[in-house]
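**Q** sequence and predicted structure below; questions after.
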Amino acid sequence: MQTFIADLHIHSRFSRATSKALTPRLLAAWARAKGVDVLGTGDFTHPVWLDELEATLTPHQDSGLYRLKDDRGLARELPELDGAPLPGRTLFMLQAEISSIYKRGGKVRKVHNLVFVPDFETARALNRKLAAIGNLASDGRPILGLDSRNLLEIVLELHPQAFLVPAHIWTPWFSLFGSKSGFDSVEECFGDLAPHIFALETGLSSDPEMNWRISALDRYALISNSDAHSGEKLARECNLFQGEPDYAGIFQALQRESLSHTFLGTVEFFPEEGKYHLDGHRACGVKFDPTVQTFPEDRCPICGKPLTVGVLHRVMELADRQAPAQPAFQPGFTSLFPLSECIADVLGAGPSTKKVKQLYATTLQRLGPELHVLRDAPLEDVRRVNTVLAEALDRMRRGQVIRQAGYDGEFGVIRVFSEEERAARKQGGRLSPAPRRKRDASASRTDPVDPADPDPGEAAVIPPPASPAGLNPSQQAAVQAGPGPVLVVAGPGAGKTRTLLARCLALLEAGRPARHLLLVTFTRKAAAEIEERLLNTLGDSQALPRTDTLHALAYDAWSTSHAGNPPTIMDEPAARRLFRESAQAARPSLPAREADPLYNACQLARERLERLDQWEDILLQYDHRKKHLNLADYTDLLEFWLQSMEHGLWQRPWTHVLVDEVQDLTPLQLHCLARLMPAEGDGLFLIGDPDQSIYGFRGAAPEVQETLTHHWPLLQTLLLEENYRALPAILEVAMAVFPPEDFLMRPIIRPVRQGDACIRLFEAPTAAAEVQWMAQQMRQLLGATSHTLQDAAGGSLAGTGLAGSLAPGDMAVLVRLSTLAAPLRAALAEAGLPVDAAEAERFWEESRTACILRSVRAMLGLENEDIEGDDSTHTPSLIPETLLTRGPAALPKTLAATAPFDAAYWTSPQFRELAAVFAAQGSWQAVCNWLALQTEAEQVRARSEAVRIMTMHAAKGLEFRAVFLPALEDGLVPFAGPGLLSGALPPGNLRQARQGRQGPDLEEERRLFYVACTRARDALFLSRAGRRRLYGRELRLPPSRFLSAATSHPACRRSALLEKVRHKETTLSLLG
């Protein structure tokens, strides 16, 4: 029966560190030269490569494999072979490799997986799913923050014969069992879907014998592939099958389920040749065989830094057998090394030298493809080409090779001739045939070669100390305080939520009914998280206290009082439109450009409980229109609730109210809170940080403590001084933003964690250079470094203990303006980083979904049909109200392919998500209210791990191991206002700037920068650009005034400019 050779893991020219000459024709030519019958395509996730594959390949009969449409003149692809014949036919199997970097079980996991599909339709279906998670065009092997288990689930749903194989399973950095970021078992990695894994790729530096020491791996087919990054490297490892080349046959043979196909084993590297075989530290030039010697905590005995634990060591950790035991049903393997290396050893020259290439071409011309020469060519035939080569092949086939094992990124060396034999040959001596002995079975274990592996010197991972199991004395005092009103002032990372929850649990343990407890949060996301933590603590058999925002509570009160006809909540754009219409109706002479600043001023005054008699006619018109249309804005809800409580129309059901982030409440919200409590304030517990008061533009004031004392003179104030989040230097840099004279008035913050923080400052000539630097730092943190941008001031993360230790979700980019998020997201995604941003398109922003929602809003009176817009997408009248009232399920059948809709839209994720939200909410009005109550922080997708990009405001309450703060230029941070930056207002005209968003409140901007810095646990990356395009202009702004104190800290390391920018200009003070 026919046998065939398959190399099922390669890469295209679109992967990093690959030959840029790679094309399907070149790969087919090299595959024939090597003797490979079936070749993986590599990188079908890359859209350009996939198009190229589809253009050049055609199905081969019904095999599920593909061949070149035109293979004429294939020998011309390899002129270096001097016309050597290229027999046979190369078939292609659609294959890709995906790099998953994510967090599981409190550890960063980095796993590479191979994906195989039987046709282009399935490949494109997979690409559509993955494109929603990351940028597939940035790299042939895309980096996604997608859990391996979830990737497997996606693959299994694509096609019955689509399958996944964990790649090079022993690589320390990027693999299933990797010592740096892997798992200890297949089940731990893939969870409930582990039974769907039936094959493992052992990698270039591992052979099956090594895996036979681990009984848990017995059931898996152990395959090996070249992982080639150029045509010359094909088939350095490969697989042998019996049967006709066929996708289904390979799929079934690997599962031992085929009657027509059999997996016959592999051709392997000698594992010592791999660059991580032994333990070692290359910087100190030391390596160790773990079977002989190990060191405490795997640290270098010279410098004390972490050793790179080699594959042999890792196998020993997981092994449950003292010696390899080949299962009866497992095929064997053959150890070889490439013909060019063998010839190089014969000639005593480098593999790339001219004489080596000449003998290589001659050997193929006379003996046939490389694998035939290495495995099967009779030695007598080889002697006719070169007698020494025949001796070398004889020794290699018998395993009689000299092995110098690799370590810590240093490749090993495999030779057949000793130095003595080399010297003898140079002096004219002849080789003596090596004595025949039993095949060397002492092959060591190692990991696969990966050009993207990070510098091992950056591998140190120093875990942060764990937070204490119980409450500290300050937290315990806060939990036990009362019964009168209590204010807990707590800085960032002090455990505010933990203390709040502990107070709640203490009340429940004391016998307080859950229905009498209320927890108030600033966002619904925070409410959901608190509920989840309570559920995890109390279980689902016990009632939970109500946890919600004040707006949601007010909405419930209004819904109850309006007997089943609650108002529809307007989001801010809808409220602005209605206000503009009201202003024009009340005062036709009012300039249109003044309507938005007037809306801001009126809303702010309402939140601050200030009178605006001069605009009473406009407000009356606005109120009349809202009442007529049964609409409400956010402030209406609170005003109605407050009036209901003041008139005794609403009875409070709670005896204890616990409030998180109290500094963010406006006077209106505080008055609502006061009405919830008895006059003396018994049962009120508030926690927050005045230094994190950053919502002044919404009415919040930092002097919240004074307001609270006015309401409750007997207010008890407690301090939480410990910070469990940030390393000391980060706190010191953050505190430096406040004037020195304020320090005595501020609570002391005591860092609990100790260690050296990583703080970097980069001053870039342009915004493009700035984002390039950010991408470089992120890739180092992820352990996916490409050293294309050199940091002239030693900005490398080597020695920080952070390189390679973070997952995408451990990092965030915080910007002052939301308009900066989209270009940053695009640039970082282009660099191949998995990124997500609140500004990225959500399902309701997709044009056809937006069309449906605009129709819904028009039906509910939230939007007029003559709103300006693109008629191709904004067509509310297209969808009749009678159809809308039946919900999303009724739309596909009736609208079908009616423009702007098409058949594909009705199965799109956006429409499915709209339908799911409708099903959960129960009505279109509830859907609109649900959308209106979403906040920016709640919109950041959590479907996969990604570097998150959000505004500084949205980041409050969150924490990350590494925080990037770009665009730190005066005028942006602190913000001068769009009028000044766009040129609409002259520099220094702060009176006009304060109209609208009240211009720059320097103290609030200072607090905002403080909040942004204190989101970081371990690393803070500060940057600015000399030139940046914003608001349609090129801005050249000086460094932020907040940087001077921060960058004077000794822990802050500067990076040099990549370009000298010289220009004469007058620097204008935008903020005074």
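**A** Alright, I've got the coordinates.
**Q** let me see the domain layout of the protein.
**A** Following automatic domain parsing, one gets these domains for the chain: 3-96+118-128+139-318, 333-457, 473-723, 751-840+942-1055, 843-939.
**Q** quick one: which of those is nearest Ile730?
**A** domain 751-840+942-1055 (4.8 Å; C-beta to C-beta). C-beta: built from backbone N, CA, C; applies to glycine.
**Q** straight-line length of that closest one, end to end?
**A** Distance between the two ends of domain 751-840+942-1055: 27 Å, counting by C-alpha to C-alpha, to the nearest Å.
**Q** starting at the chain centroid, how far to it?
**A** 17 Å (C-alpha atoms, centre = their mean, to the nearest Å).
**Q** same question for that domain, mean pLDDT?
**A** If you average the pLDDT over domain 751-840+942-1055, you get 81.
**Q** wait, which of the domains of the chain is closest to Val737?
**A** domain 751-840+942-1055 (5.0 Å).
**Q** which strand or helix spans Tyr622?
**A** helix 616-629 (DSSP states H and E).
**Q** list the contacts of that helix.
**A** Contacting residues not belonging to helix 616-629 are listed as 567, 578-579, 581-583, 585-587, 598, 602, 612, 631-633, 636, 861-862 [C-beta atoms under 8 Å, 6 or more residues apart in numbering].
**Q** mind doing that once more with 10 Å?
**A** With contacts defined as C-beta atoms under 10 Å, 6 or more residues apart in numbering, helix 616-629 is touched by 567-568, 570, 575, 578-587, 590, 595, 598-599, 602, 605-606, 612-613, 615, 631-633, 636, 860-862.
**Q** what residues sit buried inside stretch 515-524?
**A** Neighbour-count burial for stretch 515-524 flags His516, Leu517, Leu518, Leu519, Val520, Thr521, Phe522, Thr523, Arg524 (criterion: 16 or more other C-beta atoms under 10 Å).
**Q** hang on, the earlier thing: pairing partners for the helix or strand following the helix holding Tyr622, with directions?
**A** Where DSSP H and E defines the elements, the next helix or strand beyond helix 616-629 is strand 631-632. Here strand 631-632 has these sheet partners by DSSP bridges: strand 568-569 (parallel).
**Q** returning to what we had before: Val108 is nearest to which of the domains of the chain?
**A** That would be, of the domains of the chain and by C-beta to C-beta, domain 751-840+942-1055, which comes in at 4.4 Å.
**Q** re earlier: quick one: which of the buried residues of stretch 515-524 sit in helices?
**A** Arg524 (DSSP state H).
**Q** who touches Thr362 in this structure?
**A** Leu81, Asp82, Ala84, Ile343, Val385, Asn386.
**Q** what about the helix holding Tyr622, distance to the chain center?
**A** Per C-alpha atoms, centre = their mean, the centroid offset for helix 616-629 relative to its chain is 46 Å.
**Q** out of the contacts of Thr362, flag the one nearest to Gln476.
**A** Ile343 (74.8 Å).
**Q** any idea how far the closest one is from Gly83?
**A** Counting by C-beta to C-beta, to the nearest Å, the gap from Ile343 to Gly83 is 19 Å.
**Q** what does Gly783 give?
**A** Taking C-beta to C-beta as the criterion, Gly783 is separated from Gly83 by 45 Å.
**Q** ok, these two, which is more surrounded?
**A** Gly783 (26 against 11; other C-beta atoms under 10 Å).
**Q** can you pull the contacts of Phe337?
**A** Arg236, Glu268, Phe269, Phe270, Glu273, Asp345, Leu374, Met396, Val401, Ile414, Arg415, Val416.
**Q** if we use 6 Å, what do you get?
**A** For Phe337, the contacting residues are Ile414, by C-beta atoms under 6 Å, 6 or more residues apart in numbering.
**Q** quick check: it vs Tyr599, distance?
**A** 75 Å.
**Q** what does Thr363 give?
**A** For Thr363 relative to Tyr599 (C-beta to C-beta), the value is 82 Å.
**Q** same question, Arg948
**A** From Arg948 to Tyr599 the distance is 31 Å (C-beta to C-beta).
**Q** where do the strands sit along the stretch 401-550 of the chain?
**A** Using DSSP state E, counting those that start in this stretch, the strands of the stretch 401-550 of the chain run over residues 402-404, 413-415, 486-490, 517-520, 546-548.
**Q** pLDDT on the last one, on average?
**A** Right, strand 546-548. 93.
**Q** list of residues touching that strand?
**A** Leu518, Leu519, Ala527, Ile530, Glu531.
**Q** switch the cut-off to 7 Å
**A** Strand 546-548 is touched from outside by Leu518, Leu519, Thr521, Ala527, Ile530, Glu531, with contacts defined as C-beta atoms under 7 Å, 6 or more residues apart in numbering.
**Q** give the contact list for the fifth one.
**A** Going back to what we said before, that points to Ile530. Thr497, Leu501, Leu519, Thr521, Thr547.
**Q** quick check: longest strand of the protein.
**A** When the chain is scanned for its longest strand (criterion: DSSP state E), the result is strand 1016-1030.
**Q** and the helix or strand just after that strand, what's buried?
**A** Per DSSP H and E, strand 1016-1030 leads on to strand 1033-1035 as the next helix or strand towards the C-terminus. Applying a neighbour-count criterion of 16+ other C-beta under 10 Å, one finds Leu1035 buried in strand 1033-1035.
**Q** stretch 556-564 now?
**A** Neighbour-count burial for stretch 556-564 [16+ other C-beta under 10 Å]: Ala557, Trp558.
**Q** pLDDT on it, on average?
**A** pLDDT averaged over stretch 556-564 gives 75.
**Q** wasn't Arg141 part of a helix?
**A** No - checked against DSSP: H, G, I helix; E, B strand; the rest coil, Arg141 lies outside a helix; its state is coil.
**Q** for it, give me its contacts.
**A** His11, Ser15, Asp43, Glu97, Ile98, Ser99.
**Q** rerun that using 8 Å as the cut-off
**A** His11, Ser15, Arg16, Asp43, Thr45, Ala96, Glu97, Ile98, Ser99, His112, Ala452.
**Q** next, count neighbours for the fourth one.
**A** The criterion is other C-beta under 10 Å. On that basis, Asp43 has 26 neighbouring residues.
**Q** what helix or strand is it located in?
**A** Under the criterion of DSSP H and E, Asp43 resides outside all helices and strands.
**Q** could you measure from it over to Ser138?
**A** 12 Å.
**Q** repeat for the second one
**A** The gap separating Ser15 from Ser138 is 11 Å, by C-beta to C-beta.
**Q** try the first one
**A** As for His11, its distance to Ser138 is 14 Å (criterion: C-beta to C-beta).
**Q** where does pLDDT dip in the stretch 351-500 of the chain?
**A** 426-469 (pLDDT under 70).
**Q** please repeat the previous calculation with a cut-off of 80.
**A** 422-470 (pLDDT under 80).
**Q** quick check: closest non-adjacent residue to Leu731.
**A** In space, Leu731 comes closest to Pro751 once its chain neighbours are excluded; the distance is 5.4 Å by C-beta to C-beta, 6 or more residues apart in numbering.
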